[in-house]
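1. Can you look at this prediction? I've put the sequence above it.
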Amino acid sequence: MPYDESSALAYTDALCRELYLKSDSAAELKTVYIGGGTPSLLPDTCFGHLFSCLKDNFQISPDAEITVEANPGTLNQSKTNLLLSLGVNRMSLGIQSFNNEELEVLGRIHTADDALRSLGILRNSGLHNYSIDLMYGIPGQSINSWRESISKAVECSPKHISTYELTLEEGTPLYTLVKLRTNEQFSYRVAKGQAFHSGLSEIFLRENRFPSSGNDNTKTFVYSHSKAELQHLVPITMPDEDIILEMYHYAIDYLARHGYKQYEISNFARLGFQCLHNMN
């Protein structure tokens, strides 16, 4: 859902109340993992509230691994300083790709330069245990662009790299963009005020749209186009399955040659830097 500060405050308050209710059921905490979604969007007051709740209600191991996921588009020096002061000692950065066109297809708010800037912030802050998330199987992605993203990630010297195959989730803008290639008629629920990928906006602004059933929060539009017209408007296709498999095996081989051991299907780490939360 789109970010809203009042919702973030309410959610954090509810989360802390739930943690309080669960506090008697936990032994000493060896890991704390804050994610997914984009927790780096949370206001500083939310992080302060959350960590106070954890420290007041749980016994946390002195050498606990404490991870926060972050989006390069929402991470700055001030936020990083706050997280480190609260005890965060590991960050997972959702870069996904170092190719700007692929980031745009994914609807990401950051660029490759933003990703490099965020990594620089982490290093300059003295944090050495950070992970980079990459994604393969992105619409329009080639094996060469995947190799370039993997190479750039290794150049940044993270202790941990995760590589995930893109899974299209029904109801998301990207899912709709891809399905437009094959469906002559489709429906899509549009949340009021939601910002959509530019490719979708171009279609939503067309005149031949027909309102269908909906409620106060959503409207449903049904569009009918020829396949030729849709393909002209949305030139986006998924990589072939054989290419996706090649990407996966290339990552395994390349990362192994550069000192990253595969310890789970999607996770690679330098010796001694496997994600303890995953291992638990």
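-> Looks like it arrived, so ask away.

2. Verify the stated contact: T237 with P139.
-> Yes: the pair formed by T237 and P139 meets the contact definition of C-beta atoms under 8 Å, at 6.0 Å. (Glycine included, C-beta is placed from N, CA and C.)

3. More neighbours: which of those two?
-> P139 (19 against 12; other C-beta atoms under 10 Å).

4. what ranges do the helices span in the chain?
-> Per DSSP state H, the chain has helices spanning 5-22, 44-57, 77-85, 100-105, 112-124, 143-155, 173-179, 198-204, 227-233, 241-257, 276-279. These are given in chain order.

5. Identify whichever of these lies nearest to L134.
-> Relative to L134, the nearest member of those by C-beta to C-beta is helix 143-155, separated by 5.7 Å.

6. How confident was the prediction at the residue nearest to L122 when sequence neighbours are not counted?
-> The shortest distance from L122 to any residue other than its chain neighbours is 5.1 Å, reached at Y130 (C-beta to C-beta, 6 or more residues apart in numbering). You'll see Y130 listed with a pLDDT of 97.

7. 16 is where my numbering starts, stick with that
-> Sure thing, new numbering starts at 16, so read that last one as Y145.

8. what's the neighbour count on Y145?
-> The tally of other residues near Y145 (other C-beta under 10 Å) stands at 23.

9. quick one on the thing from earlier: can you put the helices of the chain in TSV and add distance to T46, mean pLDDT and mean neighbour count?
-> Formatted as TSV, those follow (distance: least, C-beta to C-beta, whole Å; pLDDT from 0 to 100; neighbours: other C-beta atoms under 10 Å):
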stretch	distance to T46	mean pLDDT	mean neighbour count
helix 20-37	15	95	13
helix 59-72	12	96	16
helix 92-100	16	96	16
helix 115-120	30	91	18
helix 127-139	19	96	18
helix 158-170	24	97	18
helix 188-194	31	68	19
helix 213-219	38	41	15
helix 242-248	46	41	14
helix 256-272	23	97	15
helix 291-294	4	95	15
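
10. Geometric centre of this protein: which residue is closest?
-> Per C-alpha atoms, centre = their mean, the C-alpha nearest to the average position across the chain is that of G109, at 4.8 Å.

11. if I read this right, it contacts E84, doesn't it?
-> Yes: applying C-beta under 8 Å, one finds G109 in contact with E84, separated by 6.4 Å.

12. Quickly list what's touching both of the two.
-> Between them, G109 and E84 share these contacting residues under C-beta atoms under 8 Å, 6 or more residues apart in numbering: T53.

13. How about L57: what's its closest non-neighbour residue?
-> Taking C-beta to C-beta, 6+ apart, and ignoring the residues beside it in sequence, L57 has A23 as its nearest neighbour in space, at 5.6 Å.

14. what's the answer for L98, then?
-> That would be V83: by C-beta to C-beta, 6+ apart, it lies 5.6 Å from L98.
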